[in-house]
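A.B. asks: Following is a predicted model, sequence given first.
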Amino acid sequence: MADSKSSDLHMDRHKFSMLALGLAFVYWFAESVIHRFVYAEQFFEVVPSDVNEFWMRLLIILLIVAFGFFQTTGRAGSRKRSERSKRCTSPPSAPHSTS
């Protein structure tokens, strides 16, 4: 049971990173489809032969992935600050009487 809980926590922690990687792959494939059918290119190229197109796709994918990792680290830091602030602002417990 503990392994399941730790794996769920790990997945929750890297949720935006995984989402960004997935979106990057979808974007790359969608660009290939657009170039084949909208721009009526002769061949379907997953890796474009045009160097400019390749660098443009790579740059956009790097931006998507960087944003995902940035969100993941930002949320982790925000969660830690929130937990720390809750601990600091909780009222002290009443002293126990020894009767």
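C.D. replies: Looks like it came in fine. Residues are numbered from 1 along each chain as shown.

A.B. asks: what comes up buried for the strand or helix carrying W28?
C.D. replies: Per DSSP states H and E, W28 falls inside helix 15-37. By neighbour count on 16 or more other Cβ atoms under 10 Å, the buried set for helix 15-37 is 16-17, 20-21, 24, 28, 31-32, 35. Glycine gets a C-beta too; all of them are placed from N, C-alpha and C.

A.B. asks: For the protein, just list every one of the helices.
C.D. replies: With helices called from DSSP state H, the chain shows them at 2-13, 15-37, 51-89.

A.B. asks: Packing partners of the longest one?
C.D. replies: Contact analysis of helix 51-89 by 3 or more Cβ pairs under 8 Å, 6 or more residues apart in numbering; DSSP states H and E lists helix 15-37 as its packing neighbours.

A.B. asks: do the same with the second one
C.D. replies: In terms of contact count using 3+ Cβ pairs under 8 Å, 6+ apart, helix 15-37 is assigned the packing partners helix 51-89.

A.B. asks: quick one, the helix it packs on and helix 15-37 angle?
C.D. replies: 160 degrees (axes from the mean of the first three to the mean of the last three Cα atoms, to 10 degrees).

A.B. asks: Quick one: mean pLDDT over the helix holding W28.
C.D. replies: Mean per-residue pLDDT for helix 15-37: 93.

A.B. asks: From the rest of the structure, what touches it?
C.D. replies: 11, 41, 43-46, 48, 53, 57, 60-61, 64-65, 67-69, 71-72, 75 (Cβ atoms under 8 Å, 6 or more residues apart in numbering).

A.B. asks: and I34, how far is that from G22?
C.D. replies: 18 Å (Cβ to Cβ, to the nearest Å).

A.B. asks: likewise V33?
C.D. replies: According to Cβ to Cβ, V33 and G22 sit 17 Å apart.
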